[in-house]
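Asker: curious how this folds, go ahead:
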Amino acid sequence: MPVFTVPGFDKVAFEPPSLPSVSLVNDSPSTWKGDLLAVAITEEDITSSGCDEAATEKTVSIKSPALTALDGELGGALTELLAGGDFEGKQGQASRAIRLGPGSPGPKYVALLGLGKADALTKPQLDRYGASPYQAAGVSLTKLAKAEKATSAGLGLLHGPTGGQQQLDAATYLAAGMLKGCYESTRFKSKSKPCKLSALHILGVGGGEGKAADLAAAVKHGTSMAVGGFLTRYLVEAPPNVCTPSHLAEAAEHIAALAPNRFKLEVLDADACAKLGMGCYLGVAEASLLPPAFIHLAYKPAGEAQKKVAIVGKGLTFDSGGYNLKAGIGSMIELMKFDMGGAAATLGAARILADTQPEGVEVHFIVAACENMIHGKGLHPGDVLKAASGKTIEVNNTDAEGRLTLADALWYAQEKAQATTVIDIATLTGACIIALGGEVAGLFTPSDAMATSLSQASNAAGEKIWRMPMEASYAEQLKSSVADMKNAGGRAGGSITAALFLKEFVKEGVEWAHLDIAGPVWDEKAALPTGYGAATLAQWA
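Answerer: Take a look at the predicted model:
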């Protein structure tokens, strides 16, 4: 069959060529010179009245002495912002921006940002479920700055954090949030307006000269988190005619080049995978005209590694469903470019490690990249495949293909990379979306220690996971009369049976966890990727 080359995109970036600078400054909010100043306050800094059964108009006014004083310095601008009654100081909320008078010695525009409840600011991030208030405020600042076409923006904390760790956390998550808010999907548009924003300033974190280096390192860490998220989002947003298996391999090459002393990259082609006996992976890949790419990106620390871990990401660059075709309303076939979201998060985590370069841990990033298409030589429902581990699988559903590729990738992580702790991350089941919605990933593991470490890592990253049961009796659904097992069970408990299938490819004594990110990989309202998973995986590693 001839393969025609369609004119398209020769080369697309894996991350933004430049981002606004982020820096800590000691200026007072009222004298800070820049385009847009956003003052971050808590719900307790303001008070509201009205909007009752008598239909009294709601009014919001300043409550705290600190906000009163700053309002005076800004010529009553904050009172004006509150006058509409809409701003309540809730986490991530932003007011409109108003222009200050020509005599203002400081910013040109001013706005308010919400941090939520005051007592939440003192809660350690490891104990927090979801995004930090500082992270949410940072995102809101940048979005507002872009809307106002500002070239510089500052976020002033009305109440600076107290204590060294709180200051470091504030600097980290403000930087991460500010840069996260810079994300725009413009690479595939014929016309796009470049973002004018070039400088982001953080005011009010404090710390003094003795902590300047630590705070700068915290800002750098937040920047790394954001850049890893960018790479993840860029990979997921790319259409399937751009983000092919070879494109994922090129992304891994891009990451390896950033830290060549720490990373080693190996990409196995179909012949090399066949020699290793990867019948499940190649069975899925066979129907595509695009060659598969089995990616192994290994990070080794400068010193001795105390542990060896692997992160395995599902890399289906497009999933048609195969002969069990995704068809009809709700099939989401038009979104199946995001079926490599696990691979994107895996490579995003590697991108973060290229910057942070943690000590004492060797990390193997593994992606079995391919497409799941329809072709005469492709996978049939009813075929029996032999995995690299030797197990045989009856394929009763060609649309349960991701777990087949992961089966061989998990084997490789244990047998070739020699990892003793393994996480796989995948957009695996629609059942997990039904169970947990669009913001929470499902965590499946028989290990309490793995559940705890991943939960803490997700908290630190500001991402949400929820541990799910691994009901052993559900494995009955995977029994086959002609092979060792089937690749799919029934509709009931679909995300659980998928996890139980993967567990069959984990050796005794290996710590393992499975993350199903089918829900949080994609923001349905914005119709854009979220970058989910990269920060959690990097934090865990």
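Asker: tell me where the stretch 101-250 of the chain has helices.
Answerer: 133-147, 164-180, 212-237, 245-258 (DSSP state H, counting those that start in this stretch).
Asker: format those as CSV; extra columns: mean neighbour count.
Answerer: Bear in mind the C-beta positions are built from the backbone N, C-alpha and C, glycine included. Formatted as CSV, these follow (neighbours: other CB atoms under 10 Å):
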stretch, mean neighbour count
helix 133-147, 25
helix 164-180, 25
helix 212-237, 22
helix 245-258, 20
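Asker: rebuild those helices as JSON lines, extending it with distance to residue 194 and mean pLDDT.
Answerer: Formatted as JSON lines, the helices of the stretch 101-250 of the chain follow (distance: least, CB to CB, whole Å; pLDDT from 0 to 100):
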{"stretch": "helix 133-147", "distance to residue 194": "11", "mean pLDDT": "96"}
{"stretch": "helix 164-180", "distance to residue 194": "16", "mean pLDDT": "95"}
{"stretch": "helix 212-237", "distance to residue 194": "16", "mean pLDDT": "96"}
{"stretch": "helix 245-258", "distance to residue 194": "22", "mean pLDDT": "97"}
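Asker: of all those helices, which one comes closest to residue 125?
Answerer: Smallest distance to residue 125 across the helices of the stretch 101-250 of the chain (CB to CB): 5.5 Å, for helix 164-180.
Asker: for the closest one, packing partners?
Answerer: strand 21-25, helix 133-147, strand 152-157, strand 199-203, helix 212-237 (3 or more CB pairs under 8 Å, 6 or more residues apart in numbering; DSSP states H and E).
Asker: and those as a markdown table, adding distance to residue 34?
Answerer: Putting the helices and strands packed on helix 164-180 into a markdown table (distance: least, CB to CB, whole Å) gives the following:
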| stretch | distance to residue 34 |
| --- | --- |
| strand 21-25 | 9 |
| helix 133-147 | 10 |
| strand 152-157 | 4 |
| strand 199-203 | 7 |
| helix 212-237 | 17 |
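Asker: count the residues that sit near residue 538.
Answerer: Neighbour count for residue 538, taken as other CB atoms under 10 Å: 28.
Asker: what's near enough to touch it?
Answerer: Contact analysis of residue 538 by CB atoms under 8 Å, 6 or more residues apart in numbering lists 225, 228, 348-349, 352-353, 356, 461.
Asker: show me where pLDDT drops low in this protein?
Answerer: 1-7, 50-56, 207-210 (pLDDT under 70).
Asker: now residue 24: how far from residue 133?
Answerer: For residue 24, the distance to residue 133 equals 18 Å [CB to CB, to the nearest Å].
Asker: what about the helices in the stretch 251-400 of the chain?
Answerer: Under DSSP H, counting those that start in this stretch, the stretch 251-400 of the chain gives helices at 270-275, 279-285, 341-356.
Asker: would you turn the ones you listed into JSON lines with distance to residue 414 and mean neighbour count?
Answerer: JSON lines is the format used below for the helices of the stretch 251-400 of the chain (distance: least, CB to CB, whole Å; neighbours: other CB atoms under 10 Å):
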{"stretch": "helix 270-275", "distance to residue 414": "16", "mean neighbour count": "14"}
{"stretch": "helix 279-285", "distance to residue 414": "15", "mean neighbour count": "27"}
{"stretch": "helix 341-356", "distance to residue 414": "16", "mean neighbour count": "29"}
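Asker: take the ones you listed and lay them out in TSV including distance to residue 485.
Answerer: What follows is the helices of the stretch 251-400 of the chain, written out as TSV (distance: least, CB to CB, whole Å):
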stretch	distance to residue 485
helix 270-275	21
helix 279-285	11
helix 341-356	22
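Asker: quick one: which of the ones you listed is nearest residue 380?
Answerer: helix 279-285 (9.9 Å).
Asker: so how far is that closest one off the chain centroid?
Answerer: Helix 279-285 has its C-alpha centroid displaced from the chain centroid by 27 Å (CA atoms, centre = their mean, to the nearest Å).
Asker: got it, and stretch 319-326?
Answerer: 26 Å.
Asker: can you list contacts of that stretch?
Answerer: Taking CB under 8 Å, 6+ apart as the rule, stretch 319-326 contacts 284, 287, 327, 331-333, 336, 339, 371-374, 378-381, 397-399, 401-402.
Asker: which of these are buried, as a ChimeraX select command?
Answerer: Command for ChimeraX that selects the buried part of the contacts of stretch 319-326, burial taken from 16 or more other CB atoms under 10 Å:
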select :284,287,336,339,371,372,373,378,379,398,399,401,402
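Asker: restricted to strands, list the contacts of stretch 319-326.
Answerer: 371-372 (DSSP state E).
Asker: okay, and the beta partners of residue 516?
Answerer: residue 426, residue 442 (DSSP bridges).
Asker: from residue 236, how far off is it?
Answerer: Separation of residue 516 from residue 236 (CB to CB) stands at 16 Å.
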